[in-house]
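Asker: Pasting the sequence and the predicted coordinates here, then a few questions.
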Amino acid sequence: MTSIHRRTVLAATLALAAAGAFAQGKYPEKPVTFVVPFAAGSATDQLARALAQSWTEQTKQAVVVDDKAGASGSIAAQFVAKAPPDGYTVLITTNTTHAANEHLYKKLSYDPVKDFVPVTGLGKGGQVLVVRADAPYHSVADLLARARKEPGKLSFGSGSSSSRVAGEMFKQMSHTEILHVPYKSNPNAITDLLGGQIDLMITDTATGVPQIKAGKLRALGVSTTKRIPLLPDVPTIDEAGVKGYDMGYWFAAYAPANTPAPVVARMRELLVNGVRSAAAKNFFEGTGGEPWTTTPEELAKFQAAEAQKWGKVIRAAGIEAE
């Protein structure tokens, strides 16, 4: 028996076992692992922990939140893709792993479509352009003036594809040259921004807003076409002079391919309830995001459309696959 054949038989056996357990009304009958592609403190990590709290309240089963940062989420995605399809490993992720990476890397360690079963959308949000509070930039115009005066002197960090593409789009649409510095996750980039190793970044609001509220970072613009209630005095990047700029992000849950449909249905039910929970409500209110749930079929269609959209954005920004 070939190794591929053995893996296929094993996957089928595990899927049947999981289906049988569900049929007996036992799923979940042990702790579940939520795998997150970014570091502790990231927006995805914060949402995963809110959902984990609700899951435990509903099922009386513990949830382990496992942050596997690195390679723009590919490490976590590959881990879940190879996990047993039994309902006990769930990827809580974003458009980074399931819409952008296929256009950013010539070879991925996972297939964002074939290796996963969509479960449900979880939420949507925007990003914010930030600099240190003591930086000499008080507006997007100030920042652009410096970038144009000294091309290539400024640097921006990113710890996700959303953040990376947002920065590259900013460069492309403002006709400036700013050096990109990659990080494992946005919180890591924030640390270096605060320490002066980089000059700016466009980060998710969950990571950026607490630092802005604490007076450590200054917000110059938000990435969506509408201002966000958390930062009512901060203009959109479009308003601030980079016309047409718009770059948000989304969260979603996926299970390994071949996870039985009844298990996926129960998983979705628990996660949708989690999105509606008080803990998730606090997350969205505190980060300027919004809840968003789907059926598996709706998420599959949405993901396909988003993959096309991100491909166009990445090509327009002049980003070459690595």
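Answerer: On my side now, so go ahead. Numbers count the residues shown, from 1 in each chain.

Asker: residues near the nearest residue to P136 once chain neighbours are set aside, how many?
Answerer: Once flanking residues are discounted, P136 sits nearest to D142: 7.1 Å by CB to CB, 6 or more residues apart in numbering. Heads up, the C-betas are built off the backbone N, CA and C, glycines and all. Residues near D142, counting by other CB atoms under 10 Å, number 14.

Asker: quick one: buried residues of the host helix or strand of D142?
Answerer: Assigned by DSSP states H and E, D142 belongs to helix 140-149. By neighbour count on 16 or more other CB atoms under 10 Å, the buried set for helix 140-149 is 140, 143-144, 146-147.

Asker: For my notes, confirm G157 occurs in a strand.
Answerer: Yes. Counting by DSSP: H, G, I helix; E, B strand; the rest coil, one finds G157 located in a strand.

Asker: Check the gap between it and T44 for me.
Answerer: 17 Å (CB to CB, to the nearest Å).

Asker: And those two? Which one has more around it.
Answerer: Between G157 and T44, counted using other CB under 10 Å, the more crowded position is T44 (33 against 26).

Asker: so who does the more buried one touch?
Answerer: 36-38, 92-94, 251 (CB atoms under 8 Å, 6 or more residues apart in numbering).

Asker: out of these, which is most surrounded?
Answerer: P37 (33 neighbours).

Asker: Name the nearest of the contacts of T44 relative to P187.
Answerer: F38 (7.9 Å; CB to CB).

Asker: Need phi/psi at the closest one.
Answerer: phi -130, psi 170 (degrees, to the nearest 10).

Asker: Quick check: G121 vs V140, distance?
Answerer: In terms of CB to CB, G121 sits 31 Å off from V140.

Asker: next one: S109
Answerer: Distance, S109 to V140, using CB to CB: 37 Å.

Asker: pLDDT averaged over the longest strand seen in the chain, what's the number?
Answerer: Taking DSSP state E as the criterion, the chain has its longest strand at strand 116-125. Averaging pLDDT along strand 116-125 gives 96.

Asker: and the next element down the chain from that strand?
Answerer: strand 127-132.

Asker: For I228, which non-adjacent residue is closest in space?
Answerer: G288 (4.0 Å).

Asker: got it, and W250?
Answerer: Per CB to CB, 6+ apart, closest to W250 is K124, 4.7 Å.

Asker: and that neighbour, what is it in contact with?
Answerer: Here K124 is in contact with 248-251, 289-290, 292 (CB under 8 Å, 6+ apart).
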